[in-house]
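K.L.:
Here is the input, now give the coordinates:
(chains A and B)
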Amino acid sequence: MSLGQDAFEVSVNILKMVLIFLMMVQAVPVLVWVERRGSAFIQNRLGPNRVGPLGLTQLLADAVKFLFKEEFVPDKTNPWVFYLAPIMALIPGALAFGSIPLSAPIRIEEFQWLGSSWGPYNFAFQSFEIGIGIVFVLGISSLGAYSLLMAGWSSNSKYSLLGALRASAQMISYELALGLSLVGMLLIYNTFNFSEMILAQQGPLSFAFGGKTVVVPYLPNWGIFFQPLGAVIFFAAMFAETNRLPFDLPEAEAELVAGYHTEYGGLKMLMFYIGEYGHMMVACALMVTFYFGGYNLPFVEPRVVQELFVGWGFSSNGSSLSTAFLLHVVFLIKVLFLLWIFIWVRWSLPRFRYDQLMDLGWKTMLPWALGNTVLTAVAVLLLRSSWT
Amino acid sequence: MSPLVSVLVLGLFVALFGIALVIVSSLLGPRLIQSAMKKRPYECGLEGEIKDDTKIPIKYYLTAILFILFDIEIIFMYPWAVAYGDYISAGNGLYIFGAMAFFLVVFIFGLVWEIKTKALEWE
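P.N.:
All right, here's what the predicted structure looks like:
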């Protein structure tokens, strides 16, 4: 989709992009709060609880504190690269998140406004629809490695440099397992497009079996039931891609102070955080899109929800909007659950040693992902062929 | 127009947002005394040993090369996987499976060889 055909469509599309990006940015302090309270809950202590109810306004206090921090650039740095690195950290997460459908598309019927007629419009509930969804997201999120390398190299500190090297070697190693684990899923859906994948996951579990279609009525038609191994490998590789524990060797605080952002402070460090948490959100949204039915309610198609709203006396536009927002809440619930798993794992597992990390990526996850691909290819070939 | 216009618009907006954050933080932050000692890169209280030509283990370079090889091989599987369903419904399932099976044998041979030659051993 381009930006739009007329002024209304273009402005709605731009507004949509900005709102989705800001939604992502404002989710970061909330996630930091959840992370701190969650870690306290897991470790049987209190966590931040002084500022506001349940410590919720702690994040506002933190943001103000970040704003008024002293500007600091260490000696002998390359200032351009030093300042560009945090900006680069923001971009990949935002672009990748923008291409994931967050809810069912909204249809606006033709209407009269300012003396002329507008519409009808179809708005996708995402910043932009891109046909090669997966390839775009994988390509864009790989660019995250550049911001780490730029930060590490330009800081002129050995901790930063070592952290950046570790981070980039780890990210590229796990990208192999990540990319290969998705091939099995592609073999089943046969499309790169996120919206088509989500459409393919509606209704109860059904698959072809030698020319007939078998339906399992008590399970939703989600990717996780076809690709359990692929889903596990994808999720584990995403932990490594986002540099979260147990894969957080780039910022192992016992060895490297803080890794690639040792020399950063104030808002610049916050930007790295936004990048990291944005990447986490992208990971969870992708996981939901590929394996947990996207924005679909289990068993219920969006069309049915919309008919329900029409039955309650909503107009056509109103029911479309209400359906989209209801399904967006469903999507957010799924994403938040996975984000909580990210936080849960971080405070439950110890960190790997570096050689263990590389062994896990290259010698364990890559062969398993390969096996998953072969197994899926054989299964799809056997089940979908008509045996005559 | 293509979706790339939207991608560029969003990318530009995010970049401007980032630049604004950097400028705001440099405007609002206090101006304190910048001594030569303070501007040194972080070191835990010792005299910092700053080397401009830090030596980097060759392992990282090797890993990067191996990554490029394998990643390109994996990217070849993507269009294959998308076309797989069409070939099966057209009755050519064995053909497209066999074509990729040959490719996979080369892939697995490469991986095994790489592990056997200890290209992936970290000390």
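K.L.:
mind listing the strands in the stretch 251-388 of chain A by residue range?
P.N.:
In the stretch 251-388 of chain A, no strands are defined using DSSP state E, counting those that start in this stretch.
K.L.:
and it, which of its residues are near chain B?
P.N.:
Taking CB under 8 Å from any CB of the partner chain, the part of the stretch 251-388 of chain A that reaches chain B is made up of A:257, A:262-263, A:266-268, A:270-271, A:354-355, A:358-359, A:362-363, A:366-367, A:370, A:373-374, A:377-378, A:380-381, A:384-385. For glycine as for every other residue, the C-beta is placed from the backbone atoms N, C-alpha and C.
K.L.:
Kindly recompute the last result at 6 Å.
P.N.:
Along the stretch 251-388 of chain A, the residues adjacent to chain B under the rule CB under 6 Å from any CB of the partner chain are A:Thr262, A:Gly266, A:Leu267, A:Tyr354, A:Asp355, A:Met358, A:Trp362, A:Leu381, A:Arg384, A:Ser385.
K.L.:
Identify the residues contacting the closest residue to the fifth one other than its chain neighbours.
P.N.:
Once its chain neighbours are removed from consideration, A:Asp355 has its nearest residue in B:Trp122; the separation is 3.8 Å (CB to CB, 6 or more residues apart in numbering or on different chains). Going by CB atoms under 6 Å, 6 or more residues apart in numbering or on different chains, B:Trp122 touches A:Tyr354, A:Asp355, A:Met358.
K.L.:
Export the residues of the stretch 251-388 of chain A next to chain B as CSV, with columns for neighbour count and pLDDT.
P.N.:
Converted to CSV, these look like this (neighbours: other CB atoms under 10 Å in any protein chain shown; pLDDT from 0 to 100):
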residue, neighbour count, pLDDT
A:Thr262, 25, 75
A:Gly266, 22, 76
A:Leu267, 25, 82
A:Tyr354, 16, 79
A:Asp355, 12, 81
A:Met358, 21, 84
A:Trp362, 23, 85
A:Leu381, 17, 86
A:Arg384, 18, 80
A:Ser385, 16, 76
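K.L.:
out of the contacts of B:Trp122, which are inside helices?
P.N.:
In this view, those that belong to helices under DSSP state H are A:Tyr354, A:Asp355, A:Met358.
K.L.:
Looking at those residues, spot the one nearest chain B.
P.N.:
A:Asp355 (3.8 Å; CB to the nearest CB).
K.L.:
returning to that earlier point: tell me which of the residues of the stretch 251-388 of chain A next to chain B is nearest to A:Lys69?
P.N.:
The shortest approach to A:Lys69 among these belongs to A:Gly266, at 3.2 Å (CB to CB).
K.L.:
hey, where'd the helices end up in chain B?
P.N.:
Under DSSP H, chain B gives helices at B:3-28, B:58-89, B:93-116.
K.L.:
oh, I was asking about the stretch 201-350 of chain A
P.N.:
A:223-226, A:228-241, A:253-256, A:266-291, A:302-311, A:316-346 (DSSP state H, counting those that start in this stretch).
K.L.:
and A:Arg351, how many neighbours does it have?
P.N.:
For A:Arg351, the count of nearby residues is 16 (other CB atoms under 10 Å in any protein chain shown).
K.L.:
In this structure it contacts A:Arg244, no?
P.N.:
No - if you go by CB atoms under 6 Å, A:Arg351 and A:Arg244 don't touch, sitting 10.5 Å apart.
K.L.:
Check the gap between the most far-flung residue of chain B relative to its centre and A:Ala27 for me.
P.N.:
Distance from the C-alpha centroid of chain B, by CA atoms, centre = their mean, peaks at B:Ile33 (39.2 Å). Distance, B:Ile33 to A:Ala27, by CB to CB, to the nearest Å: 38 Å.
K.L.:
give the contact list for A:Val216.
P.N.:
With contact taken as CB under 6 Å, 6+ apart, A:Val216 is in contact with A:Leu205.
K.L.:
quick one on the thing from earlier: Throw the contacts of B:Trp122 into JSON lines and include distance to A:Leu138, thanks.
P.N.:
JSON lines is the format used below for the contacts of B:Trp122 (distance: CB to CB, whole Å):
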{"residue": "A:Tyr354", "distance to A:Leu138": "25"}
{"residue": "A:Asp355", "distance to A:Leu138": "27"}
{"residue": "A:Met358", "distance to A:Leu138": "21"}
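K.L.:
closest to A:Ser39 among the residues you listed?
P.N.:
A:Tyr354 (24.3 Å).
K.L.:
For that closest one, give its distance to A:Val34.
P.N.:
Distance from A:Tyr354 to A:Val34, by CB to CB: 29 Å.
K.L.:
Next, count neighbours for A:Leu297.
P.N.:
For A:Leu297, using other CB under 10 Å, the count is 15.
K.L.:
what's the distance between it and B:Leu4?
P.N.:
From A:Leu297 over to B:Leu4 (counting by CB to CB), the distance is 33 Å.
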